[in-house]
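*Asks:* Here you go, sequence then predicted model.
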There are 2 protein chains.
Amino acid sequence: MVSEDQLIERVRRRFPSLRGSLRVGIGDDAAVLRPGAGTEWVVTTDVFFENVHFLRKVHPPKAVGYKALARATSDIAAMGARARQFFLTLGLPDACAGAWLDGFLDGLALAARRFGLILAGGDTTKYPLVMASLTVLGEIGQGKAILRSGAKPGDLLCVSGTLGEAELGLRLIQRNLHRQKRWLKLLKKQHYPEPRLTLGKWLAAHRTATSMIDTSDGLSTDLGHICKASGVGAIVWAEKVPVARVPAELQRLGLDPLELALNGGEDYELLFTVAKKFSGRLPRKVAGVPVSVIGEITRDKKVMLKGPDGNSAPLQPRGWDPFRKKG
Amino acid sequence: MVSEDQLIERVRRRFPSLRGSLRVGIGDDAAVLRPGAGTEWVVTTDVFFENVHFLRKVHPPKAVGYKALARATSDIAAMGARARQFFLTLGLPDACAGAWLDGFLDGLALAARRFGLILAGGDTTKYPLVMASLTVLGEIGQGKAILRSGAKPGDLLCVSGTLGEAELGLRLIQRNLHRQKRWLKLLKKQHYPEPRLTLGKWLAAHRTATSMIDTSDGLSTDLGHICKASGVGAIVWAEKVPVARVPAELQRLGLDPLELALNGGEDYELLFTVAKKFSGRLPRKVAGVPVSVIGEITRDKKVMLKGPDGNSAPLQPRGWDPFRKKG
């Protein structure tokens, strides 16, 4: 039987020690962070549950570790902040304390390196199911965080990358098609989503975006969050939505690229608004990530979808909600 | 079926809105905090699991909410910091989304008011068992945090309050004696522990303590943490340990006050060291909480207990470790 101290030591060895603004890290009652002059802290928490957010038999442990941190860090990207430190609270069955934990830590360490994050503390507890609760801290210049609430009528609606790819992977898993070699590459975004930190920082530094959110729950739901917070509506131009490529064979099975893009969660792209007069400043790509203009903010508080036929219909929020969907 | 948005709204309504250093709270991708000039942030995370840390049939929902936050806040007290904001990640079975959640939020709100904490964000997820993961942030003057690592040979070892009371409550629960009216008051510290925030701040402000930890795992284990971090040993004088009062009837059932005090967890008292020359500065009480000198830091890296007979023996760490004890 492994002890909690041994577990903590195994986690600690995998991560670099004190650096930058972290004065006291793992091993004391709490971490101590010294803020830079003129900055604010951006803080988010996110939980990653076995059987709710991932399946131990389907998601490799490395992907579980990577994705747990990527999901949480995406909220830092969505504020335009720089990722700094993270805290890991881990519930772990005995059966996962060996090779599974090594794989999980591999993924977690890979994500931390990519995102520029330092492990600052955490907690481990024995538990019948894997549970990873992450707290991520970011830093940003005072007053520069991009909120959900700043969208104005007439602003252009923009999104990074493509939409629906993570959901496509999930659907393959649900249909038990994910073990077929030819579809393996379609699982990448489901397993290893990429928080758009560089784009987020670029938008904050250039004061380009009036509002921003990450597409964790799906475009239809997340756009609703922006509209509600800003007291506005929006129209999405269906043909401008950057849908993920879905092979014809899978489309014939009923996997529709636009439906996946509108309602599929877990892409962790940035959905943001830009004042029309600044639209000329918007590059087509930032750090290799494409940016698409997909619609416009409206005054009338409805979220609409304008189809290729020119007709508009309400866009219902059909994205991820763990309390509505059956776990 | 309740939706996640409805749940978040129910949580949000129970807590006051923006105040002080919190610029952006619940409802955006992340919270934004503006640090005071010349301060550092103290950050801790703690998880509270059904069947590991509490039993739904035994612990009232109000006590679960209160204790979940008290446990985490105790780590802020143990650094000497002022408690500021907290984040709640909640896993909740459908059966708990009604009256149980109301009770839980009652306890959480009571704790937040007492400790001076603002709810700054969080996350809710449907889950078969209750899981509360808390992140608590505190603030302290630069370089003033009291670490585990500063104890020096010759320092006096001190502890607040009494020890063993929370464990006494747990043992009553384990023996199914907790429903007997006459023992009800002995459950108070098991259900409603008090993080020693005022004492912690006093010690930091007066630069009195050389090291500090909270007794979450029990004196024998937590003293080991201080000794290991400081590279020292310690001797505890058994007759000076402020043991909890255990009624004679319960002592006859094998509940020994000293054993409870040495190895019982969850008291959340402050265990700290003071340079001998400053011992005269140490009041007997701070904000009504007694302070006892219970031993001395030694050079030889062993943790010893000196009994009433004058003989010393090693004090084994026999406190709480969820990976050693069977859940």
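*Replies:* Perfect, I can see it now. Residues are numbered from 1 along each chain as shown, chains lettered A, B, ... in the order given.
*Asks:* What mean pLDDT does whichever strand or helix holds A:Arg114 get?
*Replies:* Element membership for A:Arg114, per DSSP states H and E: helix A:99-115. In this model, helix A:99-115 carries a mean pLDDT of 96.
*Asks:* And stretch A:281-297, by the same measure?
*Replies:* 95.
*Asks:* Residues in contact with the helix holding A:Arg114: which ones?
*Replies:* Applying CB atoms under 8 Å, 6 or more residues apart in numbering or on different chains, the contact partners of helix A:99-115 are A:7, A:10-11, A:14-15, A:56, A:60-70, A:73, A:83, A:86, A:88, A:92, A:96, A:117-119, A:130, A:132, A:195, A:197. In this view, the C-beta of every residue, glycine as well, is placed from N, C-alpha and C.
*Asks:* and the one residue sitting closest to the centre of chain A, what are its phi and psi?
*Replies:* By CA atoms, centre = their mean, chain A has its centre lying nearest to A:Tyr268, at 3.3 Å. A:Tyr268 has phi and psi values of phi 60, psi 40 when expressed as degrees, to the nearest 10.
*Asks:* and it, how far is that from chain B?
*Replies:* In this view, A:Tyr268 and chain B are 11 Å apart by CB to the nearest CB, to the nearest Å.
*Asks:* same thing with A:Phe86?
*Replies:* To chain B, A:Phe86 is 10 Å away according to CB to the nearest CB.
*Asks:* likewise A:Leu172?
*Replies:* Distance of A:Leu172 to chain B, given as CB to the nearest CB: 23 Å.
*Asks:* tally of neighbours for the closest residue to that residue other than its chain neighbours?
*Replies:* Distances taken as CB to CB, 6 or more residues apart in numbering or on different chains put A:His178 closest to A:Leu172, at 4.5 Å, once the chain neighbours are dropped. Using other CB atoms under 10 Å in any protein chain shown, A:His178 is surrounded by 19 other residues.
*Asks:* and the stretch 101-250 of chain A, which of its residues are near chain B?
*Replies:* Residues of the stretch 101-250 of chain A lying near chain B by CB under 8 Å from any CB of the partner chain: A:120-127, A:131, A:133, A:135, A:137-138, A:140, A:142, A:145, A:147-149, A:212-214, A:229.
*Asks:* Just the ones in strands from those residues, please.
*Replies:* Counted as lying in strands by DSSP state E, out of these, are A:120-126, A:131, A:133, A:135, A:137-138, A:140, A:212-214.
*Asks:* And those, which of them are buried?
*Replies:* A:120-126, A:131, A:133, A:135, A:137-138, A:140, A:212-214 (16 or more other CB atoms under 10 Å in any protein chain shown).
*Asks:* Low-confidence bits of chain A, can you list those?
*Replies:* Counting by pLDDT under 70, chain A shows low-confidence ranges at A:1, A:18, A:321-327.
*Asks:* Strands of chain A, start to end?
*Replies:* A:22-24, A:31-33, A:39-49, A:82-92, A:118-126, A:131-141, A:156-160, A:209-214, A:233-237, A:270-274, A:285-286, A:289-298, A:303-306, A:312-314.
*Asks:* mind giving me CSV with the ones you listed and columns for distance to A:Leu255?
*Replies:* Output for those, formatted as CSV (distance: least, CB to CB, whole Å):
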stretch, distance to A:Leu255
strand A:22-24, 44
strand A:31-33, 44
strand A:39-49, 25
strand A:82-92, 33
strand A:118-126, 38
strand A:131-141, 29
strand A:156-160, 20
strand A:209-214, 23
strand A:233-237, 20
strand A:270-274, 22
strand A:285-286, 27
strand A:289-298, 21
strand A:303-306, 19
strand A:312-314, 21
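*Asks:* Out of these, which is closest to A:Ile173?
*Replies:* Closest approach to A:Ile173 among the strands of chain A (CB to CB): strand A:39-49, 15.9 Å.
*Asks:* now the closest one against strand B:118-126, angle please.
*Replies:* For strand A:39-49 against strand B:118-126, the angle by axes from the mean of the first three to the mean of the last three CA atoms, to 10 degrees is 20 degrees.
*Asks:* got the angle for strand A:39-49 vs strand B:131-141?
*Replies:* Angle of strand A:39-49 versus strand B:131-141, following the same axes, to 10 degrees, is 160 degrees.
*Asks:* what helices or strands is strand A:39-49 leaning on?
*Replies:* helix A:61-77, strand A:131-141, strand B:31-33, strand B:82-92, strand B:118-126, strand B:131-141 (3 or more CB pairs under 8 Å, 6 or more residues apart in numbering or on different chains; DSSP states H and E).
*Asks:* Go through stretch A:268-276 and flag the buried ones.
*Replies:* Neighbour counts using 16+ other CB under 10 Å place A:268-275 of stretch A:268-276 among the buried residues.
*Asks:* Select, from those, the two members most distant in space.
*Replies:* Most distant of these, by CB to CB, are A:Tyr268 and A:Ala275, 24.7 Å apart.
*Asks:* Taking the buried ones among the ones in strands among the residues of the stretch 101-250 of chain A next to chain B, tell me the two that lie furthest apart.
*Replies:* It's A:Lys126 and A:Met212 that sit farthest apart of these, by CB to CB, at 38.8 Å.
*Asks:* For A:Gly143, grab the count of nearby residues.
*Replies:* Using other CB under 10 Å, A:Gly143 is surrounded by 10 other residues.
*Asks:* so how far is stretch A:80-88 from its chain's centroid?
*Replies:* How far stretch A:80-88 lies from its chain's middle: 13 Å, per CA atoms, centre = their mean, to the nearest Å.
*Asks:* nope, stretch A:219-237 is what I meant
*Replies:* Worked out by CA atoms, centre = their mean, stretch A:219-237 lies 18 Å from the chain centre.
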